[in-house]
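K.L.:
prediction below, plus the sequence it came from.
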Amino acid sequence: MPQPPLPEQNELDVWTDGRPFSTTEQTEQREHDESHRLPKVSTKKEVREFLISRRAHISPEQFEVIRYDQDRRVPGLRRREVAELAGVSLNDYSRLERGYIRDASPSVLNAVAEVLQLSEVDRDYLFDLARTAPSPPSS
């Protein structure tokens, strides 16, 4: 996408001390302004990949989950185990993992974040995904 031309020099293109912005400073300012626009909308795929990857890093032994079989198809905790440990229904957690995260309450997101042992950065990212997720289709 071509960059818009730099604006003509005017009173808005000066520092508070009266020095004019250089061309480099104008470009840097424009890039800064563009990078701080509204966040992009999260996608179902983004939510799904994030939750699955974090779930894969948690072993059942970390929560003393009883392993009924040694042959697990997925690494880490199963959806059912995350749901039980977070105190939410399997259906609710499965909906989150399918990307329907917008209507999740902060308490559900916090419970899931706790089980998945998310860092502060990952927890913030989970809440950002929920905040920017599209609304589910109306029934």
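P.N.:
That came through fine. Numbering: from 1, shown residues only.
K.L.:
Pro106: neighbour count?
P.N.:
Using other Cβ atoms under 10 Å, Pro106 is surrounded by 9 other residues. All C-beta atoms are positioned from the backbone trio N, CA, C, and that covers glycine.
K.L.:
which regions of this structure sit below the pLDDT cut-off?
P.N.:
1-42, 66-72, 136-139 (pLDDT under 70).
K.L.:
would you map the helices across it?
P.N.:
Secondary structure of the chain by DSSP state H: the helices cover 23-35, 44-56, 79-86, 90-97, 106-115, 120-132.
K.L.:
of all those helices, which one comes closest to Glu64?
P.N.:
Closest to Glu64 of these is helix 79-86 (Cβ to Cβ; 10.3 Å).
K.L.:
can you show me the CA trace of that closest one as PDB?
P.N.:
Output in PDB follows, covering the C-alpha atoms of helix 79-86 (Å, rounded to 0.1, in the frame of the first residue of the first chain):
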ATOM      1  CA  ARG A  79     -10.300 -30.000  27.100                       C
ATOM      2  CA  ARG A  80     -12.400 -31.800  29.700                       C
ATOM      3  CA  GLU A  81      -9.600 -31.600  32.200                       C
ATOM      4  CA  VAL A  82      -9.100 -27.800  31.600                       C
ATOM      5  CA  ALA A  83     -12.900 -27.300  32.000                       C
ATOM      6  CA  GLU A  84     -13.000 -29.300  35.200                       C
ATOM      7  CA  LEU A  85     -10.000 -27.500  36.700                       C
ATOM      8  CA  ALA A  86     -11.400 -24.100  35.700                       C
END
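K.L.:
list the residues that contact the residue nearest to Lys45 when sequence neighbours are not counted.
P.N.:
Leaving out its chain neighbours, the residue that sits closest to Lys45 by Cβ to Cβ, 6 or more residues apart in numbering is Gly99, at 7.0 Å. The contact partners of Gly99, taken as Cβ atoms under 8 Å, 6 or more residues apart in numbering, are 43-48, 133.
K.L.:
one more: Gln117?
P.N.:
So Gln117 contacts 57-58, 62 (Cβ under 8 Å, 6+ apart).
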